[in-house]
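Peer 1: what follows is a predicted protein model with its sequence.
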Amino acid sequence: MNRRNPAIKPRRRAPDKGLFRIIGGRWRGRKLSFPALEGVRPTGDRVRETLFNWLQPRISGARCLDLYAGSGALGLEALSRGAGEVVFVDRQPVLIRAIEVHLHTLGASAGRCRCEDAAVFLKGRSAPFDLVFLDPPFGQVDWQGLCEALGSGGWLKDGAWVYMEEAAAAGAPPLPEGWALVRDARAGNVGYHLASPPERSPATAAEEK
């Protein structure tokens, strides 16, 4: 009979690897891996193609926030297509490390990473963004509260757009008063949406500078 030596610790199994492909821009066709943790699902090629067609007039030079970054697919696609800066935020250290490796490999100096819970990050000192990508695990986010935190916390520039991805069966995310749904589509079991907050008054904008 084989017996396990208690002095020998079992080896930890490395996380399985998933893959996604950058579909446009200077790194078009590059395949990148990520730790395939539960709930981490890169936005699919078809959805990203449509999304970045929507964003094409705005992406060049844009300052972007990839909250709930996961694999980093959305933020890396934005950098590939000419975004000026992308801040990646995720609470899983193994995912943030993988994104940092991709940024180094691609020579993407305009990407920055924060290993932090999204709610904690949004309570910090804000710097407004042109585009925000929100692709959390399905069914786990209070969309209205999250959008209110982005708007009231000074995270959004005037004219900013916020991308939201959720299970298609959930329908369009509820939005705070004054927000508008700009674009809306569905691909299989995924619903994806672009929204815009109301513009701030000149006095409010001046206070946030």
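Peer 2: In hand now; what should we look at?

Peer 1: what's the helix or strand for the spatially most central residue of the chain?
Peer 2: Nearest to the geometric centre of the chain sits residue 66, at 3.0 Å (C-alpha atoms, centre = their mean). According to DSSP states H and E, residue 66 maps onto strand 63-67.

Peer 1: next structured bit after that strand?
Peer 2: Downstream of strand 63-67, the first helix or strand assigned by DSSP H and E is helix 73-80.

Peer 1: packing partners for the first helix or strand past that following helix going along the chain?
Peer 2: With elements assigned by DSSP H and E, the helix or strand that comes after helix 73-80 is strand 85-90. Under the contact criterion of 3 or more C-beta pairs under 8 Å, 6 or more residues apart in numbering; DSSP states H and E, strand 85-90 touches strand 63-67, helix 73-80, helix 93-106, strand 111-115. Every C-beta, even on glycine, is put in place using the N, C-alpha and C of the backbone.

Peer 1: so what strands line up beside the strand holding residue 66?
Peer 2: Strand 63-67 sits in its sheet next to strand 85-90 (parallel), strand 129-134 (parallel), going by DSSP bridges.

Peer 1: what ranges do the strands span in the protein?
Peer 2: Assigned strands in the chain, in chain order: 17-21, 31-35, 63-67, 85-90, 111-115, 129-134, 156-167, 180-187, 190-196 (criterion: DSSP state E).

Peer 1: winner for burial among those strands?
Peer 2: Ranked by mean neighbour count, these are led by strand 63-67 with a mean of 26 (mean count of other C-beta atoms under 10 Å).

Peer 1: can you tell me what sits against that strand?
Peer 2: 72, 74-75, 78, 83-89, 118, 121-122, 127-134, 136, 155, 157 (C-beta atoms under 8 Å, 6 or more residues apart in numbering).

Peer 1: try 7 Å
Peer 2: Under the criterion C-beta atoms under 7 Å, 6 or more residues apart in numbering, residues 72, 74-75, 78, 83-89, 118, 129-134, 155 lie in contact with strand 63-67.

Peer 1: any stretches of this protein with poor pLDDT?
Peer 2: Low-confidence regions of the chain, defined by pLDDT under 70, span residues 1-16, 200-209.

Peer 1: picking that back up, reformat the strands paired with strand 63-67 as TSV; add distance to residue 186.
Peer 2: Output for these, formatted as TSV (distance: least, C-beta to C-beta, whole Å):
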stretch	distance to residue 186
strand 85-90	25
strand 129-134	17
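
Peer 1: about what we covered before: and residue 51, which of the helices and strands packed on strand 85-90 is closest to it?
Peer 2: Of all these, it is helix 73-80 that lies closest to residue 51, at 7.9 Å by C-beta to C-beta.
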